[in-house]
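A.B. asks: Quick one, what's the 3D model for this:
(one chain, ligands or ions: 1)
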Amino acid sequence: MSLLEDLQWRYAAKKMNGEQIPQEKLDYILEAARLAPSSSGLQPYKVFVISNRELLAKIKDVAWGQSQVIDCSHLLVFAAWDGYSDERVSEVFNYTMDERGLPHSTMDDYKNNILGLYEPLGKEWQADHAAKQSYISFAMAIAAAAEQKVDATPIEGFLPPKVDELLNLENSGYKSTLLLTLGYRDADNDWLVNMKKVRTPKEDFITKIK
Ligand SMILES: Cc1cc2nc3c(=O)[nH]c(=O)nc-3n(C[C@H](O)[C@H](O)[C@H](O)COP(=O)(O)O)c2cc1C
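C.D. replies: Residues are numbered from 1 along each chain as shown. Predicted coordinates:
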């Protein structure tokens, strides 16, 4: 199947059937999330993979009771940096330079430039910028799941501070940004399963400037 066929197949399942997904499919989806591009390559986010049913039940309670959270196979919680700092940026760039066999100082000018841009914008802007990067990784996971014929429901409908509390993220430097349930649709009980996929018409979505 082509990517476009996979994207036509997928939808935001409202009801999942509790069936588990194979480990290799989970690994594939996580690898797609890891390979996502990010601004300056900082990857200012990470992913928690949750299958513990007690914890899932607690997360469901702070996610507007959405049943997929408990009927999924695994729940991915994306969490992003709460801000940028010299220490954090240096750690990523130093690792990148080590992997490429280059001196740490190679990135100094670039690092000072971005920190010079980001620091005056404040922690709220920085957390928001980091959160935006996590959405790209999230989208890659959604596309990879579709390719693997795994259903994935993107979820922004939850209370991030409550999920942060459940995952002990306070003081970790991370804040939860998104949930993604992975599993299989309950086709007999999902009101959305046979609904037409609707998107903005191409002529409104695309503006060609020649
Ligand atoms: C960032 C984001 C947040 C979303 N939050 C929720 C959510 O909390 N619950 C839900 O059932 N669907 C959620 N959705 C699913 C959208 O409603 C859905 O993707 C959109 O209506 C398009 O339909 P489709 O994905 O089924 O093609 C979210 C989607 C995105 C991308």
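A.B. asks: just checking, residue 70 touches residue 61?
C.D. replies: No. With contact defined as CB atoms under 8 Å, residue 70 and residue 61 do not form a contacting pair (9.7 Å). No exception for glycine: its C-beta is placed from N, CA and C like everyone else's.
A.B. asks: between these two, which one's more packed in?
C.D. replies: residue 70 (19 against 15; other CB atoms under 10 Å).
A.B. asks: check which helix or strand covers the more buried one.
C.D. replies: Under the criterion of DSSP states H and E, residue 70 resides in helix 68-71.
A.B. asks: Check the offset of the next helix or strand after that helix from the chain's centre.
C.D. replies: Under the assignment DSSP H and E, the closest C-terminal helix or strand after helix 68-71 is strand 74-81. Distance of strand 74-81 from its chain centroid, counting by CA atoms, centre = their mean, to the nearest Å, is 6 Å.
A.B. asks: For strand 74-81, name the packing helices and strands.
C.D. replies: helix 23-34, strand 45-50, helix 53-61, helix 122-147, strand 174-183 (3 or more CB pairs under 8 Å, 6 or more residues apart in numbering; DSSP states H and E).
A.B. asks: Identify all contacting residues around the next helix-or-strand element following it.
C.D. replies: Using DSSP H and E, the next helix or strand after strand 74-81 towards the C-terminus is helix 86-100. Helix 86-100 has contacts (CB atoms under 8 Å, 6 or more residues apart in numbering) with 40-44, 81, 103-104, 106-107, 110-111, 114-115, 173.
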